[in-house]
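Chemist: Predicted model and sequence follow; I will ask about them next.
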Amino acid sequence: QVQLVESGGGLVHAGGSLRLSCAASVRTFVSYDMGWFRQAPGKERELVARIAWFGIATYADSVTGRFTISRYNSKTTVYLQMNSLKPEDTAVYYCAARFKGSNEYDYWGQGTQVTVSS
């Protein structure tokens, strides 16, 4: 069982920055792909960024160049650095994990609210 706890959300003005953290309680963290998703009111959940167990990161087009995902295996933590935030980035952000080779993200955090004011 993997437990994920997000932190770092909040209210920020457009153009500002936030860093989200996701602490994972699992001994084999190095074997998990990690992802950040978001869901805005009235919209479907979307993948924002993911980082594979071997370290390769990919991003949604809407955040490329502004967001950076990173992982620190020794701390079993994944981060999402968000710069140049826009009002359309407002959403609940979720951390998720899937064991390497799995197609689905099986473990989810409780979510953290990010609100960007114009």
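Modeler: Received the coordinates, thanks.

Chemist: Which parts of stretch 29-43 count as buried, going by neighbours?
Modeler: Counting neighbours by 16 or more other Cβ atoms under 10 Å, one finds that the buried residues in stretch 29-43 are Phe29, Tyr32, Asp33, Met34, Gly35, Trp36, Phe37, Arg38. In this view, the C-beta of every residue, glycine as well, is placed from N, C-alpha and C.

Chemist: Show me which parts of stretch 60-79 are buried, residue by residue.
Modeler: Applying 16+ other Cβ under 10 Å to stretch 60-79 flags Val63, Phe67, Thr68, Ile69, Arg71, Thr76, Thr77, Val78, Tyr79 as buried.

Chemist: a helix runs through the first one, doesn't it?
Modeler: No. When the secondary structure is assigned by DSSP: H, G, I helix; E, B strand; the rest coil, Val63 falls in coil instead of a helix.

Chemist: Quick check: it vs Lys43, distance?
Modeler: As defined by Cβ to Cβ, to the nearest Å, Val63 lies at a distance of 15 Å from Lys43.

Chemist: ranges for the strands of the protein?
Modeler: 3-7, 10-13, 18-25, 32-39, 46-51, 57-59, 67-72, 77-82, 91-99, 107-108, 112-117 (DSSP state E).

Chemist: chain center to the fourth one, what's the gap?
Modeler: Chain-centre distance of strand 32-39: 5 Å, with Cα atoms, centre = their mean, to the nearest Å.
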